[in-house]
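> Build the 3D model from these lines:
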Amino acid sequence: MAVGSQEGASMRTVVAASSAGTAFEWYDFFIFGSLTQVISKTFFAGLNDTAGYIAALALFGVGFAFRPLGALVFGKIGDQAGRKGAFLATVLLMGGATFAIAFLPTYKQVGILSPILLILMRCVQGFALGGEYGGAAIYVAEHSPAGKRGWSTSWVQTSAAFGLFGALLVIMATRATVGNSAFDAWGWRIPFGVSIGLLGVSVWMRMKLSESPAFAAMKAEGEASKAPYAEAFGQWKNLKLVLLAFFSMMSAQGAVWYTSFFYIQTFMEKFLKVDPVDINGLMMTATAISAVFYVVFGWLSDRIGRKAVMLGGMTLALLFYFPGFHLLEKAANPALAEATAKAPVVVVADPADCSLQFDPVGKTAFVTSCDIVKSALANAGVSYVNQAAPAGTVATMKVGGVAVTSESAAGLPKARSKAVKAGVEARIKGALTKAGYPTKADPARMNKPLMLGVLFVFVIAATALFGPLAACLVELFPTRVRYTALSLPYHIGTGWVGGFLPFFAFAIVTAVGDIYAGLWFPVVFTLISVLTTAFLLPETRGRSLT
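Predicted structure coming up:
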């Protein structure tokens, strides 16, 4: 059977089954990212608010960290035994791990065992998803006619939107049904639990599929790779393609997509103090819009080429990161933008008295006068600038003509130290409130059309990059090692760059004191891809897959 010979209903079945299964796996994975605040309070109750939030973001990244391992394991299976079996196994693993999270005990119930079990489930999820995407993208591409490959594989890309939309919809519906307090207590388990039904549908659909024609023809001719790792990574002709895929496409993919759909949620919730319900509504709208544009840009890449479309998307994101987030602040929390402009916060302290405000495990005491001030500001999500003071000076926070002098809790008994820190934090909160800094965004002053407009620009950037990406990756690699070679750079980019982006960006903000400082993380990785794509990535549209 020739590659791309399956048309009509058969091709629709291939696309539907592959995309539905991938959407389900994205649903599983995205539930966690959308519930970071609840997860931090449920499984990391032993840490303070900022440390617990950072730990939850790190755990979100842990799932992604295991994706390259899954890519290697399932990539080898896919290149040796076949595409279908590999991504049937991944959906079973992913679904089982997600369903199990619904029944995990909380930190208050079993202590440290609770986050350990959650970490284990996240590792299984990441391992499974590492084998999923490559299999689905390759399977669809190897069935598709060359002239429609961008369009066909864009449905696999849009499955991410369906997965995220489904996760947000279930979370919103559950929260509305049981109420916020009940949701935080136990209702968060429901979105994980309902995944068992989606798993059944996904398995049933994938059981109906046959092997891809390109792989079947290669295996019938005895050309299947006997050593996919050695061929993919031990031969320079293939290894250079792996490196090119990572630096040209996947660095930007991890940065752009996860900034647009995940870090932007962290930014609105933690720094702009927007209510999670409002965030969910905006993100659902943006995600629904994105579903259309993955297909639009996949189709466009069949007409004008993959490279031009993807380069346009990543360049748009690169130019819009800082202006977009500043616009978002003015639209979502104008009172915060006004207070920051009118009464900027200044921390005057001896530099030797200040520690790096980054504590992912919650064990650093932060008891010096400078650390107490900066910890309070980090917990409040307020930007500040540093001003050096003479050695031995007690730290002071200045805002709106008011100066709050800190205290040192170093060497004090635990109870007394806690009281000192609480007293300083209370005075800081009072000064911030007097200077006009809001404790939460005012829904009556929100400019939701402008907020959605900002999200729309990021949606266009992300979908222009991601829509044609599957087709380009499949066309870049030879059939013999396509599953193995494609999956590794994809999952390093999305897993390590994208998955850890919310964690590192939030950590940078906490360490520096500027709520916009975290954007330098996606800026650097996007810039790498813009330059590499522009000067090194070849056009792949129309290449033969045999």
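> Mind checking what secondary structure V347 has?
Three-state assignment for V347 (DSSP: H, G, I helix; E, B strand; the rest coil): strand.
> What's the local residue count around it?
21 (other CB atoms under 10 Å). For every residue, glycine as well, the C-beta is placed using N, CA and C.
> Then the one 4 residues further on?
Counted by other CB under 10 Å, the residues lying close to P351 total 11.
> And W151, by the same measure?
For W151, the number of neighbouring residues by other CB under 10 Å comes to 23.
> Next: L88.
Using other CB under 10 Å: L88 sits among 17 other residues.
> Okay, and the residue nearest to it when sequence neighbours are not counted sits in which element?
Closest residue in space to L88, ignoring its immediate chain neighbours: R206 at 5.1 Å, by CB to CB, 6 or more residues apart in numbering. Assessed by DSSP states H and E, R206 sits inside helix 195-207.
> what do you get for A403?
strand 402-405.
> Also Q387?
strand 385-388.
> So which bits of that strand are buried?
By neighbour count, with 16 or more other CB atoms under 10 Å as the criterion, strand 385-388 contains no buried position.
> For V420, see how far away the most centrally placed residue in the chain is.
In the chain, the residue lying closest to the centroid (CA atoms, centre = their mean) is Y258, at 3.9 Å. For Y258, the distance to V420 equals 39 Å [CB to CB, to the nearest Å].
> Could you measure from the residue nearest to the centre of the chain over to G518?
12 Å.
> Pretty sure S154 sits against C472.
No - S154 lies out of contact with C472 (CB atoms under 8 Å); the separation is 11.3 Å.
> if we can go back for a sec, would you list the strands that the strand holding A403 pairs with, along with their directions?
Within its sheet, strand 402-405 is paired with strand 396-399 (antiparallel), according to DSSP bridges.
> now what about the strand it pairs with, what contacts it?
With CB atoms under 8 Å, 6 or more residues apart in numbering as the contact definition, strand 396-399 has outside contacts at 343-349, 373, 377, 384, 389, 403-406, 428, 431-432, 435, 437.
> List only those of those residues flagged as buried.
Judged by 16+ other CB under 10 Å, buried ones among those: 343, 345, 347-349, 373, 377, 384, 389, 404, 406, 428, 431-432, 435, 437.
> next one: phi and psi at I116?
Phi and psi for I116, reported as degrees, to the nearest 10, are phi -60, psi -50.
> burial measure for it, as a count.
Using other CB under 10 Å, I116 has 12 other residues around it.
> swap in K342?
11.
> check contacts around it.
K342 touches 400, 435-436, counting by CB under 8 Å, 6+ apart.
> From the residues you listed, which land in helices?
Of the contacts of K342, none are assigned to helices by DSSP state H.
> re the thing from before, can you check my assumption that the residue nearest to the centre of the chain lies in a helix?
Yes - using three-state DSSP, the assignment for Y258 is a helix.
> need the contact list for it.
Listed by CB under 8 Å, 6+ apart, the contact set of Y258 reads 494, 497-499, 501-502, 522.
> want to throw those into JSON lines with neighbour count and pLDDT?
Shown next, in JSON lines, are the contacts of Y258 (neighbours: other CB atoms under 10 Å; pLDDT from 0 to 100):
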{"residue": "T494", "neighbour count": "25", "pLDDT": "81"}
{"residue": "V497", "neighbour count": "28", "pLDDT": "89"}
{"residue": "G498", "neighbour count": "29", "pLDDT": "85"}
{"residue": "G499", "neighbour count": "27", "pLDDT": "77"}
{"residue": "L501", "neighbour count": "28", "pLDDT": "86"}
{"residue": "P502", "neighbour count": "29", "pLDDT": "80"}
{"residue": "P522", "neighbour count": "27", "pLDDT": "96"}
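> quick one: strands adjacent to the strand holding Q387?
Strand 385-388 has these strand partners (DSSP bridges): strand 346-349 (parallel).
> Report the distance from the partner strand to the chain centre.
34 Å (CA atoms, centre = their mean, to the nearest Å).
> Likewise for stretch 228-240?
For stretch 228-240, the distance to the chain centre is 29 Å (CA atoms, centre = their mean).
> Just the endpoints, please. Distance across it?
15 Å (CA to CA, to the nearest Å).
> Can you point out the buried residues in it?
Buried residues in stretch 228-240 (16+ other CB under 10 Å): 228-229, 231-233, 238.
> Tell me which residues are up against it.
So stretch 228-240 is contacted by 72, 75-76, 79-80, 225, 242, 477-478, 480-481, 483-485, 488 (CB under 8 Å, 6+ apart).
> change it to 10 Å
72, 75-80, 225, 227, 241-243, 477-478, 480-488, 536 (CB atoms under 10 Å, 6 or more residues apart in numbering).
> Helices along the stretch 1-150 of the chain, start to end?
Per DSSP state H, counting those that start in this stretch, the stretch 1-150 of the chain carries helices over the ranges 8-34, 36-43, 49-65, 67-80, 83-101, 107-110, 113-143, 149-178.
> Sorry, slip of the keys, the one I care about is the stretch 251-400 of the chain.
Counting by DSSP H, counting those that start in this stretch, the stretch 251-400 of the chain has helices at residues 251-258, 264-266, 276-304, 306-332, 334-342, 369-380.
> Tell me which other helices or strands the shortest one touches.
I take that to be helix 264-266. helix 8-34, helix 36-43, helix 49-65, helix 276-304, helix 306-332, helix 448-466, helix 501-512 (3 or more CB pairs under 10 Å, 6 or more residues apart in numbering; DSSP states H and E).
> With that, I have no additional questions.
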